[in-house]
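Asks: Task: produce atomic coordinates for the following.
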Amino acid sequence: MGIIRVLDSHVADRIAAGEVVERPASVVKELVENAVDAGASQVDVTAEDGGLSFLRVTDNGCGMDRDDLRLAFFRHATSKIRTGKDLFHIRTLGFRGEALASIAAVSRVTCVTSDREDGLGWRIVLEGGNEQSFAEKAAPRGTDFTVRDLFYNTPARLKYMKTVQTEMSHISDFMYRLALSRPDIAFSLTHNGNALLRTAGSGDLLQVIAAVYGRESARQMVRVEAEDPDYTLSGWIGKPELSRSGRQAMTVVVNGRYIRHFGLSKAIQEAYHTLLPIHRYPMVVLHLTMDPSLVDVNVHPAKLEVRFSKEQELYRFVVTNLRNALRELTLIPEQRAKQQPVVRERIVQERMPLYDAGRMPAPAPADRESGTPAGRRDDQAERRTEHDENGTDSGAGHMNGRVPESPTPVARVRESASPERGRLSEGGTARPVPRPASAAGLRGSGTPAPQHRLPADRAVRLYEPPEGHDTTGAAPVFPELHPIGQAHGTYIVAQNEEGLYLIDQHAAHERINYERFLALFGNPAGASQELLVPLTLDFTPAEAKLIERRLGVFAQAGVMLEPFGGSSFIVRSCPHWFPKGEEREIIMEMAEWMLSEQETIDIAKLREKSAILCACRRSTKANESLSVAEMESLISRLSQCASPFTCPHGRPIIVRFTKYELEKMFKRVM
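Replies: Next comes the predicted model:
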């Protein structure tokens, strides 16, 4: 007797529902995508208890007539594809025809819909997939879905649901992504009576970004647009200071569909290479448009993952255009003055009787993320500046980087060397440097901490022009800066008409040397020279076998290794521009990196790693005193770099305090 049986339709429906409806967010996804496909210009989502007890999705789309409403709840019923060929030209978000049947199988569903303008519609009620009632119902054009008691008839599935907060976070994340995908549609999301999202549907993507991430984040986004015969790219990318600890803020939309794709995620990270520290990720919202035949969206049940037919070309297209957009920016983070809470202001008034409280206006509404007053304007005509009784600015000559009430001393600034010391020219000779008149009042407070002077011969050598560095490309806009001092022997203090700048001297010199060494590693064999005393390197037997197979890779980097018996190797020659006395450490670190790479070694990546190693070891360190000439030369060399705003590790080189923010910190403007 046979043991194979055809499952009862209700059991089969519940099994199929498990493939589509994993959690409340799955229900929202299917219903909202249907609303978008129906041509809705407004979609409202309401949830209670994380969507487990109540979900409602209302849209103003095309709606359904009597016959379509009943057919819609059958499995594999769809209006979006007709033949197998349609699967290769998908232009809609949904197309499988399983969503409504799966949702109805594990919940209590009420659907009211109308495809007419006269107010006549239809209402259907289903429970566990079984129709309970069907009748006429007065309704506006569109569809209104209500889903109650999700998983009421599948207790095992209900048991494994997470907390209300977790389930709601999945719903809100999907709604945020969809809103970013379709800025032309007005979306709203409400949970337990609290509004979580509301967009205008104006088509302005930046407005949606502000609604999702906050206005301050939206201000730090940069427009990007590009096109080639296969692809069109548009969207907004964040400046490096908007980085996050995870990839959640990276949104990629392909033909109106939010997708997850490892290759595109890697392309975005590659575009920000050396602009972000390790384990930091950018905020981007990218819209890619292409012919549907170039992308397969039918490779994942949830339709989140896709496959591209020309993936390498798309990868290069994204990397190139994002990198070009970033290179055109002045990537100097601004340090904003924080708005003080009212309670703190009251304490200050009590402790400082001379503080004129009558001239302090009520605090402006704070911005969502930064605390910056929402109505703040940078327009010079709008500024309200404090003056002395004689009508002149009451600025002091001392530097303080914190708000006035801070009792802690701030970084001390070294007195600048005399202007007669000059500036290092390209050839290393000195020429006079006029000292800015506005810097005359700057003096260090107290005795500076002991600092190490650079050797006299090193000052010129450190700031030599980057050999082989290509300066023909479009250089980023670098501000003209005038050094006026040094703080803690680590940060160069500079200024211009826009404000005050702090420059990390080690990070700046590391960027200069990195670009120089990277260019040198492009032709390392020609710069290789024999060592007077060969170096001996020892490895484990397993490591030695791997190193022996990669001797050719070392040679491409200008390092000549030879087996020396057992697990040892001898270094006969290396590039002459390796930092003197540190050749062994650099070559060992190169070897350790190659040992960590299990697959084929990318010579370009090896050269980059080696350039970073050389740059870090060759650069001036913290707590090293610099003369004005050295500071001038360092800034001049930095301004010629292809990417002068971050070190090779992605840390910022320069931060800026705008003149307006300085005035706010000292209460000279309110």
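
Asks: Residue 667 in helix, strand or coil?
Replies: coil (DSSP: H, G, I helix; E, B strand; the rest coil).

Asks: and what of residue 134?
Replies: Going by three-state DSSP: residue 134 is strand.

Asks: What are the neighbouring residues in contact with it?
Replies: Residues near residue 134 by Cβ atoms under 8 Å, 6 or more residues apart in numbering: 69-70, 122-125. For glycine as for every other residue, the C-beta is placed from the backbone atoms N, C-alpha and C.

Asks: and with 7 Å instead?
Replies: By Cβ atoms under 7 Å, 6 or more residues apart in numbering, the residues touching residue 134 are 70, 124.

Asks: What's opposite it in the beta bridge?
Replies: Taking DSSP bridges as the rule, residue 134 bridges to residue 124.

Asks: Helix or strand: which one has the residue lying closest to residue 64 once chain neighbours are set aside?
Replies: Spatial nearest neighbour of residue 64, excluding adjacent residues (Cβ to Cβ, 6 or more residues apart in numbering): residue 113 at 4.7 Å. Using DSSP states H and E, residue 113 sits within strand 108-114.

Asks: Residue 572 too?
Replies: Going by DSSP H and E, residue 572 is part of strand 568-575.

Asks: Could you spell out the sheet neighbours of that strand, each with its direction?
Replies: Short version: by DSSP bridges, strand 568-575 pairs with strand 528-538 (antiparallel), strand 560-563 (antiparallel).

Asks: May I have the residues that are in contact with the residue nearest to residue 244 when sequence neighbours are not counted?
Replies: Ranked by Cβ to Cβ, 6+ apart and with sequence neighbours excluded, the top spatial neighbour of residue 244 is residue 281, at 5.4 Å. The contact partners of residue 281, by Cβ under 7 Å, 6+ apart, come to 243-244, 246-247, 249-250, 269.

Asks: same thing with residue 561?
Replies: With Cβ under 7 Å, 6+ apart, residue 561 has these contacts: 551, 554, 569, 571.

Asks: Equivalent analysis for residue 514, please.
Replies: By Cβ under 7 Å, 6+ apart, residue 514 lies in contact with 611-612, 615, 648.

Asks: same thing but 6 Å
Replies: Going by Cβ atoms under 6 Å, 6 or more residues apart in numbering, residue 514 touches 611, 615, 648.

Asks: want to try JSON lines for those residues, with neighbour count, secondary structure and pLDDT as columns?
Replies: Converted to JSON lines, the contacts of residue 514 look like this (neighbours: other Cβ atoms under 10 Å; DSSP: H, G, I helix; E, B strand; the rest coil; pLDDT from 0 to 100):
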{"residue": "611", "neighbour count": "22", "secondary structure": "helix", "pLDDT": "85"}
{"residue": "615", "neighbour count": "23", "secondary structure": "helix", "pLDDT": "86"}
{"residue": "648", "neighbour count": "23", "secondary structure": "coil", "pLDDT": "90"}
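
Asks: Identify the residues contacting the helix or strand harbouring residue 265?
Replies: Here residue 265, judged by DSSP H and E, is contained in helix 262-271. Residues outside helix 262-271 that contact it (Cβ under 6 Å, 6+ apart): 250, 252, 284, 311, 315, 318-319, 322-323.

Asks: Give me the sheet partners of the strand holding residue 113 and which way each runs.
Replies: Partners of strand 108-114 in the sheet, by DSSP bridges, are strand 120-127 (antiparallel), strand 142-148 (antiparallel).

Asks: Just give the closest residue to residue 322, not the sequence neighbours.
Replies: Using Cβ to Cβ, 6+ apart, the closest residue to residue 322 is residue 271 (3.5 Å).

Asks: do residue 242 as well
Replies: Spatial nearest neighbour of residue 242, excluding adjacent residues (Cβ to Cβ, 6+ apart): residue 283 at 4.5 Å.

Asks: Model confidence at that neighbour, what's the number?
Replies: Here the pLDDT value assigned to residue 283 is 94.

Asks: burial of it, as a residue count?
Replies: Residues within reach of residue 283, counting by other Cβ atoms under 10 Å, total 23.

Asks: Kindly report the same for the one 3 residues further on.
Replies: Number of residues near residue 286 (other Cβ under 10 Å) recorded here: 22.

Asks: which residues does it form a beta bridge with?
Replies: If you apply DSSP bridges, the partners that residue 286 bridges to are residue 235, residue 252.

Asks: what about it, distance to residue 224?
Replies: Using Cβ to Cβ, to the nearest Å, residue 286 is found at 8 Å from residue 224.

Asks: And the helices in the stretch 1-150 of the chain?
Replies: In the stretch 1-150 of the chain, the segments counted as helices under DSSP state H, counting those that start in this stretch are 9-20, 24-37, 66-71, 99-105.

Asks: weakest of those helices in terms of mean pLDDT?
Replies: Mean pLDDT is lowest for helix 9-20 out of those, coming in at a mean of 59.

Asks: residues contacting the residue sitting nearest the centre point of the chain?
Replies: The residue lying closest to the centre of the chain (Cα atoms, centre = their mean) is residue 282, at 1.1 Å. For residue 282, the contacting residues are 238, 243, 272, by Cβ under 6 Å, 6+ apart.

Asks: and the second one, how many neighbours?
Replies: If I follow you right, that is residue 243. The local packing of residue 243 (other Cβ under 10 Å) involves 18 other residues.

Asks: And the strand holding residue 572, what's buried?
Replies: Applying a neighbour-count criterion of 16 or more other Cβ atoms under 10 Å, one finds 569, 571, 573-575 buried in strand 568-575.

Asks: Would you check how far apart the residue nearest to residue 509 when sequence neighbours are not counted and residue 584 are?
Replies: Residue nearest to residue 509 in three dimensions, not counting chain neighbours: residue 619, with 4.0 Å by Cβ to Cβ, 6+ apart. Here the criterion is Cβ to Cβ. By it, residue 619 lies 19 Å from residue 584.

Asks: How about residue 260?
Replies: Note on residue 260: its distance to residue 584, by Cβ to Cβ, is 44 Å.

Asks: just residue 224 next, same as before
Replies: Distance of residue 224 to residue 584, given as Cβ to Cβ: 44 Å.

Asks: Could you do residue 48 as well?
Replies: Following Cβ to Cβ, the distance that separates residue 48 from residue 584 is 66 Å.

Asks: which of those two has more neighbours?
Replies: Comparing residue 48 with residue 584 by neighbour count (other Cβ under 10 Å), the higher total belongs to residue 48, at 17 against 14.

Asks: pLDDT score assigned to the more buried one?
Replies: So residue 48 comes in at 95 (pLDDT).

Asks: again, but for the one 10 residues further on
Replies: Per-residue confidence at residue 58 stands at 96 (pLDDT).

Asks: go on, residue 372?
Replies: pLDDT for residue 372: 37.

Asks: For this protein, give me the ranges with low pLDDT.
Replies: Low-confidence segments of the chain (pLDDT under 70): 1-2, 5-20, 76-92, 94-97, 298-303, 335-475, 524-527, 598-599.

Asks: follow-up on the earlier one: quick one: the residue nearest to residue 322 and residue 317, what's the gap?
Replies: When residue 271 is compared with residue 317 (using Cβ to Cβ), they lie 11 Å apart.

Asks: what's in contact with stretch 44-63?
Replies: Against stretch 44-63 from outside (Cβ under 6 Å, 6+ apart): 24, 27, 31-32, 35, 38-40, 42-43, 113-115, 141-148, 150, 164, 167-168, 171, 188-192.

Asks: Buried ones among these?
Replies: Among those, those buried by neighbour count (16+ other Cβ under 10 Å) are 24, 27, 31-32, 35, 38, 40, 42-43, 113-115, 141-148, 150, 164, 167-168, 171, 188-191.
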